[in-house]
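In: Below are the sequence and a predicted model; questions follow.
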Amino acid sequence: MSKPFLQIRGIRKEYGPVTAVHDVNLDVAQGEFLTFLGPSGSGKSTTLYIIAGFENPTRGDILLNGETLLSTPSHKRNIGMVFQRYTLFPHLTVGENIAFPLKVRRLPKAEVDAKVRDMLKLVRLEGFEDRKPAQMSGGQQQRVALARALAYDPPVLLMDEPLSALDKKLREEIQHEIRRIHQQTEVTILYVTHDQEEALRLSDRIAVFSKGVIDQIGTGPELYANPATRFVAEFIGDSDFLPCDLVAAADGRAEIALAGTTVIPNVPVHGKPVAGGKAALMLRPERLRLMRSAPGGSIALPVKVSDITFLGNNIHVATETARGDALAVRLPFGHEAISSLNRGDSVWLGFDPATAHVFC
Amino acid sequence: MLSRTDARAEGSKIPAHRLRLTDFDLTLPALGLLVLFFVVPVVILLARSVTEPAPGLGNYAELLGSSTYLRIFANTFIVSGLVTVVSLLIGFPVAWALAIMPSRLASVVFAILLLSMWTNLLARTYAWMVLLQRTGVINKLLIGMGLIDKPLPLVNNLTGVTIGMTYIMLPFIILPLYGVIRKIDPAILQAAALCGANRWQALVRVLLPLAMPGMAAGALMVFVMSLGYFVTPALLGGTANMMLAELIAQFVQSLVNWGMGGAAALVLLVVTLALYAVQLRFFGTDRMGGR
């Protein structure tokens, strides 16, 4: 990563007694695609709105190229933004919408026209410049909004759940467009979404927001392989959780006891481990091995199959431990263990402790 | 055989005459009343304008040929235009404030607006007379503040009429404008700001064009109502500068000249319909009150 381009320094936002954002710190590199991922009310949109200048932080600072943005009003920040709702000016045509930011900057007409043409080409909507927004589909409107936000070459582009109003197929199509446009323009993008798949598909890095705090920042694979908190583990990918007892912990590794008996050493541990305390063991459904008989040597849990669901390219097997804890297993279609597997069968689930995680 | 019985049984459930929304029968009594008490008298009045005292367009020639009457037309249009413009200038900020203020506060302001509308028109007009007169509160205040030496002539002239009528017409601008402004998504203005538009540019390039249908609807209503307004001009205006409704009243009541009265009324009607046609042409009924 090059030198920090956009720096979020200890941003805090309080609404009366409610704190929406708790001291968020974040460095964004130039040209990076960074996504704020989190459920609604986690503070991700508020942080974005503070960068846009629609909200003032209670504390903290935002620096762009080392200079504070907070003293600059929204209309002078030169930041681009695509909103969740359709915000094209309904009385202007597509071309006039894209020209709007250039006209308020009083650029010469020839320059404006050339830029509008470039932008329409960028979002692949040539020939649409004379349409009114109401004559276009939601996906097209958001592409025009993207063109309008990029027309004045902003250093940073903010996107606040721009695809949430679109259906799944269209969403994936425009995700591809956004990726292409990001690669083509090399603009720095801050993207807000609550959809983990969208975040994983688009982003260079993801900041996972929970209750006004960034739980973890990292690339998709990093968050998946090494979640820092239980929340991140639940939010990125699928996960199984089993209650366990902490026997001992040192250097980020723990020895745990499952159901009082099975002792598993050397599991990565997160949080504040206390020997003898309660914890949760996280397993990924797709990394569990389903076996018909007890394996010799490796770690495995005896479970009963409670349901089998065919989901296209994989098969979802719901199981239950003797204590009644649910454990989901995902196996690729055609996996040998599936054939002749029935509800109520007793099987073993094996896993590698190094790929599991313990959260305290 | 069976199917035929079924069909008959099915048919018997349908009433012989089903009520449809396109049937006019039931509206006939109301239509009759409307024609009898509304259309017929207007037609008679207008007919008298071309028959009394002699058949022909003599009344119109006199009305449009005399400088006295033309003054009255001019007064009417100037005052109505001023009232419309001033109402828009005051009404737009009020409608905007109503649209963005917390709903509890907005309902209080609405209550004040409606209460003023429901207060008797004469009472309100006399109240303005008291306020605007030479020794009224406004003149006293201005003299007390040292802004003027002698009282301003605020009443018994067109100034008084304009002030009084603007006050009465304001709700008719504010209510339709409020409806339109409320429908504008605040995110559109946020988008305008991030695009680089300052407050003035956002107002002129985004907010005003989007509020245009509401402004046009309100302005037309106020202008047309002002053209034919009687009470306020009669009480707050002077005898020297009459307005059209006063002239019609004078023709009919004092001079018992139904021909001239009818002619003046027809001119007013034609102007009103022409303005309505302009409104329809540019804004269309379906766009009234929406974006």
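Out: That came through, no problem.
In: And the strands in the stretch 151-300 of chain A?
Out: A:156-160, A:188-193, A:205-210, A:213-218, A:240-250, A:253-258, A:262-270, A:278-283, A:289-291, A:300-310 (DSSP state E, counting those that start in this stretch).
In: Between these, which one is closest to chain B.
Out: When those are compared by CB to the nearest CB, strand A:156-160 sits nearest chain B, at 8.1 Å. Backbone N, C-alpha and C define where each C-beta goes, glycine included.
In: Convert that closest one to PDB, retaining C-alpha atoms only.
Out: What follows is strand A:156-160, C-alpha atoms only, in PDB (Å, rounded to 0.1, in the frame of the first residue of the first chain):
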ATOM      1  CA  VAL A 156     -12.900   9.800  -4.000                       C
ATOM      2  CA  LEU A 157     -16.100   8.100  -5.000                       C
ATOM      3  CA  LEU A 158     -18.600   7.200  -2.300                       C
ATOM      4  CA  MET A 159     -21.300   4.600  -3.000                       C
ATOM      5  CA  ASP A 160     -24.000   4.100  -0.500                       C
END
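In: Paired strands for that strand, with orientation please.
Out: When pairing is defined by DSSP bridges, strand A:156-160 lines up against strand A:80-82 (parallel), strand A:188-193 (parallel).
In: For stretch A:313-332, list every residue counted as buried.
Out: For stretch A:313-332, burial by neighbour count (16 or more other CB atoms under 10 Å in any protein chain shown) applies to A:314, A:315, A:317, A:318, A:319, A:321, A:325, A:327, A:328, A:329, A:330, A:331.
In: whoops, I mixed them up, stretch A:68-87
Out: A:69, A:74-75, A:77-87.
In: hmm, back to that, format the strands of the stretch 151-300 of chain A as TSV; extra columns: distance to residue A:350.
Out: TSV is the format used below for the strands of the stretch 151-300 of chain A (distance: least, CB to CB, whole Å):
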stretch	distance to residue A:350
strand A:156-160	42
strand A:188-193	35
strand A:205-210	29
strand A:213-218	28
strand A:240-250	14
strand A:253-258	13
strand A:262-270	12
strand A:278-283	11
strand A:289-291	4
strand A:300-310	4
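In: Need the max-distance pair from the buried residues of stretch A:68-87.
Out: The distance between the two most remote of the buried residues of stretch A:68-87 (CB to CB) is 26.4 Å, for A:69 and A:86.
In: Tell me where the model's unsure across the stretch 1-150 of chain A.
Out: Within the stretch 1-150 of chain A, the set of residues satisfying pLDDT under 70 comprises A:1-3.
In: near chain B, which residues of it?
Out: Residues of the stretch 1-150 of chain A found near chain B (CB under 8 Å from any CB of the partner chain) are A:52-54, A:73-81, A:83-85, A:87, A:89-91, A:100-101, A:104-105, A:145, A:148-149.
In: Helices of the stretch 101-250 of chain A, start to end?
Out: A:109-122, A:138-150, A:168-185, A:196-202, A:220-225, A:230-235 (DSSP state H, counting those that start in this stretch).
In: okay if I get the ones you listed as CSV plus mean neighbour count?
Out: CSV is the format used below for the helices of the stretch 101-250 of chain A (neighbours: other CB atoms under 10 Å in any protein chain shown):
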stretch, mean neighbour count
helix A:109-122, 16
helix A:138-150, 24
helix A:168-185, 15
helix A:196-202, 19
helix A:220-225, 17
helix A:230-235, 22
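In: Ok, which of these comes nearest residue B:260?
Out: helix A:109-122 (56.8 Å).
In: Please state the offset of the closest one from the chain centre?
Out: 33 Å (CA atoms, centre = their mean, to the nearest Å).
In: got a list of contacts for that helix?
Out: A:94-95, A:98-99, A:102-103, A:107, A:126-129, A:147-148, A:150-151, A:181, A:184-185 (CB atoms under 8 Å, 6 or more residues apart in numbering or on different chains).
In: how does it look with 6 Å?
Out: A:95, A:98, A:99, A:102, A:126, A:147, A:151 (CB atoms under 6 Å, 6 or more residues apart in numbering or on different chains).
In: Over to stretch B:166-175?
Out: Counting by CB under 6 Å, 6+ apart, B:83, B:86, B:87, B:91, B:94, B:95, B:113, B:117, B:218, B:221, B:222 sit against stretch B:166-175.
In: which among these end up buried?
Out: For the contacts of stretch B:166-175, buried by 16+ other CB under 10 Å: B:83, B:86, B:87, B:91, B:94, B:95, B:113, B:218, B:221, B:222.
In: Test my guess that the last one contacts residue B:87.
Out: I take that to be residue B:222. Yes - Residue B:222 is within contact range of residue B:87, at 5.4 Å (criterion: CB atoms under 6 Å).
In: distance of residue A:180 from residue B:54?
Out: According to CB to CB, to the nearest Å, residue A:180 stands 83 Å off from residue B:54.
In: Narrow the contacts of stretch B:166-175 to those in helices?
Out: B:83, B:86, B:87, B:91, B:94, B:95, B:113, B:117, B:218, B:221, B:222 (DSSP state H).
In: So the first one sits against residue B:161, correct?
Out: What it means is residue B:83. No - taking contacts as CB under 6 Å, residue B:83 lies outside contact range of residue B:161: 8.4 Å.
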